[in-house]
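Visitor: Sharing a model that was predicted from the sequence below.
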Amino acid sequence: MRVEVDQPKCVASGQCVLVAPQVFDQDDEGTVQLLDATPGPELDEDVRESAAICPAAAIRLVEA
Amino acid sequence: MTDTVMDTPTGLPEHPMPRATGCPFDPPPALKDLQAERPVSRVRIWDGSSPWMITRHEDVRALLGDPRISADPRRPGYPHRSAATRERDRTRNTLLTTDDPEHARLRRMVTAPFAIRKVEALRPSVRRIVDDLIEEMLAGPNPTDLVEAFALPLPSLVICALLGVPYEQHDFFQRHSRVLVHRASTREELLASSEALTDYLDGLLAAKLADPADDVLSTLAVERVATGELTRRQAAETGVLLLVAGHETTANMIALGTLALLRNPDQLALLRDRDDPKLVASAVEELLRYLNIVHSGRRRVALEDIEIGGELIHAGDGVIFANDIANRDPGAFPDPDRLDLTRDARRHVAFGYGVHQCLGQPLARVELQVAYSTLYSRIPTLAPATDFDQLEFKHDGFVYGVYELPVRW
């Protein structure tokens, strides 16, 4: 699975960082930063949850 | 069409709807019926208009995240909360009342202090405040009102420190904040309190501009007002939002959450006896879901025709999102009326959804986590000091909660 983030859409709710800190981070303004665009399968569930709870639909998952 | 009767002006359910007597934690039963029978339907509000009511979790998320829905109260058709808020919102230009791209511009100016890393850095000072307040409470009269002794001062102290508002003036800003979140405030009361708080923040911004400190108001003053990106008035309005939202909501969550736990002793025991940050985090999400204190509905207006739940919402129609009942949607949360601190409640919509979702949610989480994980373990004998049916709930408030929560230990 590949992860894409749409920074202009991000509203800095920070929930992705709480759910999957190995994959998502924030810059100083709170905007999402992608740490790992191809996380291992053990993170699948967390990454999916992050995408699902993002209020701005700024996280997109591309299935391999 | 089979909805001729429902669509006659007298046949529509009135919003807001009353909660059932004796069930202060549950949304109105009529709302539950709507969700089960006609999840997207029209209701009648105070001004005689008939906006749509969205009650299912899935629909709430889909529509609140839809750019064809506007949060701008100046647009015709917007379902105002009251004549007072309609009047106030005519002149307000904040991140709550604008759409993108202006909303995004305004929001980005205040996201930095709420980034997870910054909020985590505040956790030790939140702990200190919680410990001090509990010490003071234990040294004071027993029984006491938990709202005054703990639930209100905690978030007030935290947001004051963050913004750079002197806490000594808490009587002033708490009094006016209460008017702003009280649904029954008259037009005059609401406008006067809104003005008093905006003037107060405006004065603070002027002082910060001359003598900046390390706080959010100083940053707004130096980086946004001095550069011309915001007028001082706009910055003051933003400051009011942060100050009011920063303490009224969290204070009500602490007090009402404590009451809900005292009424569910098995759940309280879980939280008190297990020293597990994961359980604490999950408990906070579940209490947010279960209590959904922002209970009078998120308000929007449709910009285009939108089909949802078998209904057609027309451009210009008002839309109200009943997030309280959406958080009790059995399609999203099994056995939704049960408080279960171990369930995965992360998809709740208590903070709203879409680009306007609560800006301060990371801070609220830290405050609630520290409060819930400390209060009951420090005071294991904490118990209500009054009969449950004697308590007064904020049925008339934009933010729900208890006015007072007398406790003993």
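Guide: In hand now; what should we look at?

Visitor: what's the single longest helix in the chain?
Guide: In the absence of a named chain, chain A is used. Within chain A, and with DSSP state H defining each element, the longest helix by residue count is helix A:44-53.

Visitor: Chain B was what I was after
Guide: In chain B, with assignment by DSSP H, the single longest helix is helix B:232-263.

Visitor: What are the buried residues along that helix?
Guide: By neighbour count, with 16 or more other C-beta atoms under 10 Å in any protein chain shown as the criterion, the buried positions of helix B:232-263 are B:232-262. Using the backbone N, CA and C atoms, a C-beta is placed for each residue, glycine as well.

Visitor: Is there proximity between the longest helix of chain A and chain B?
Guide: Yes: using C-beta under 8 Å from any C-beta of the partner chain as the criterion, contacts between helix A:44-53 and chain B involve A:Glu49, A:Ala52, A:Ile53.

Visitor: Just confirm the last one contacts A:Val19, I think it does.
Guide: Yes: under the criterion of C-beta atoms under 8 Å, A:Ile53 makes contact with A:Val19 at 7.0 Å.

Visitor: any common contacting residues for these two?
Guide: With contacts defined as C-beta atoms under 8 Å, 6 or more residues apart in numbering or on different chains, the residues adjacent to both A:Ile53 and A:Val19 are B:Arg346.

Visitor: Test my guess that B:Val370 contacts B:Arg127.
Guide: Yes: B:Val370 lies in contact with B:Arg127 (C-beta under 8 Å); the separation is 5.5 Å.

Visitor: Could I get the full set of helices for chain A?
Guide: Shown for chain A, the helices assigned by DSSP H span residues A:15-19, A:44-53.

Visitor: average pLDDT for the longest one?
Guide: The predicted model gives helix A:44-53 an average pLDDT of 97.

Visitor: Output the contacting helices and strands for that helix.
Guide: Contact partners of helix A:44-53 among helices and strands, from 3 or more C-beta pairs under 8 Å, 6 or more residues apart in numbering or on different chains; DSSP states H and E: helix A:15-19, strand A:59-62.

Visitor: Residue numbers of chain A in contact with chain B?
Guide: Applying C-beta under 8 Å from any C-beta, one finds that chain A approaches chain B through A:8, A:11-15, A:17-19, A:26-31, A:49, A:52-53, A:55-57.

Visitor: Buried only: go through these for me.
Guide: Members of the residues of chain A next to chain B classed as buried by 16+ other C-beta under 10 Å are A:11-15, A:17-19, A:26, A:30-31, A:49, A:53, A:55-56.

Visitor: I'd like to know which of those residues is nearest to B:Asn93.
Guide: Relative to B:Asn93, the closest of these is A:Val11; by C-beta to C-beta it sits at 18.4 Å.

Visitor: Identify the residue nearest that closest one in space, chain neighbours excluded?
Guide: By the measure of C-beta to C-beta, 6 or more residues apart in numbering or on different chains, the closest residue to A:Val11 outside its immediate chain neighbours is A:Ala56, 4.6 Å from it.

Visitor: again, but for B:Glu367
Guide: In this structure, B:Glu367 finds its nearest non-sequential neighbour in B:Thr250, 5.3 Å apart by C-beta to C-beta, 6+ apart.

Visitor: cool, B:Lys118 as well?
Guide: In this structure, B:Lys118 finds its nearest non-sequential neighbour in B:Ala112, 7.0 Å apart by C-beta to C-beta, 6+ apart.

Visitor: cool, and A:Ala64?
Guide: A:Met1 (5.7 Å).

Visitor: tell me the pLDDT at residue 27?
Guide: Going with chain A. Reported pLDDT at A:Asp27 in the predicted model: 97.

Visitor: think we crossed wires, I meant chain B
Guide: pLDDT, B:Pro27: 98.

Visitor: Show the contacting residues for it.
Guide: B:Arg19, B:Asn292, B:His295, B:Ala322, B:Asp324, B:Ile325, B:Arg328.

Visitor: Pick the one among those closest to chain A.
Guide: For the contacts of B:Pro27, the closest approach to chain A (C-beta to the nearest C-beta) belongs to B:Asn292, at 15.8 Å.

Visitor: Flag the shaky bits of chain B, pLDDT-wise.
Guide: Scanning chain B for pLDDT under 70 picks out the ranges B:1-10.

Visitor: Would you mind naming what in it lies close to chain A?
Guide: With C-beta under 8 Å from any C-beta as the criterion, chain B meets chain A at residues B:64-65, B:104, B:107-108, B:111-112, B:114-117, B:119, B:346-347, B:351-355, B:357-359, B:361-362, B:365.

Visitor: Residues contacting the host helix or strand of B:Lys118, please?
Guide: Remark: B:Lys118 resides in helix B:116-139, with elements defined by DSSP states H and E. Counting by C-beta under 8 Å, 6+ apart, the neighbours of helix B:116-139 from elsewhere in the structure are A:14, A:17-18, A:26, B:112-113, B:144, B:149-150, B:153-154, B:157-158, B:161-162, B:362-363, B:365-367, B:370-371, B:374-375, B:378-379, B:409.

Visitor: Could you rerun that using 6 Å?
Guide: Defining contact as C-beta atoms under 6 Å, 6 or more residues apart in numbering or on different chains, one finds that helix B:116-139 is touched by A:14, A:17, B:149-150, B:153-154, B:157-158, B:362-363, B:366-367, B:370-371, B:374, B:378.

Visitor: Kindly report the same for stretch B:269-288.
Guide: B:257, B:341, B:343, B:345-346, B:348, B:350, B:365, B:368-369, B:373, B:376-377.

Visitor: give me that answer again for 8 Å
Guide: Stretch B:269-288 is contacted from outside by B:253, B:257, B:260-261, B:267, B:339-346, B:348, B:350-351, B:365, B:368-369, B:372-373, B:376-377, B:380, using C-beta under 8 Å, 6+ apart.

Visitor: For B:Ala30, see how far away B:Ile325 is.
Guide: B:Ile325 sits 10 Å away from B:Ala30, taking C-beta to C-beta, to the nearest Å as the criterion.

Visitor: more neighbours, these two?
Guide: Relative neighbour count places B:Ile325 above the other of B:Ile325 and B:Ala30, with 30 against 18, counting by other C-beta atoms under 10 Å in any protein chain shown.

Visitor: Who are the packing partners of the strand or helix carrying that one?
Guide: B:Ile325 belongs to helix B:323-326 when assigned by DSSP H and E. Based on contacts counted as 3+ C-beta pairs under 8 Å, 6+ apart, the elements that helix B:323-326 packs against are helix B:29-37, helix B:57-64.
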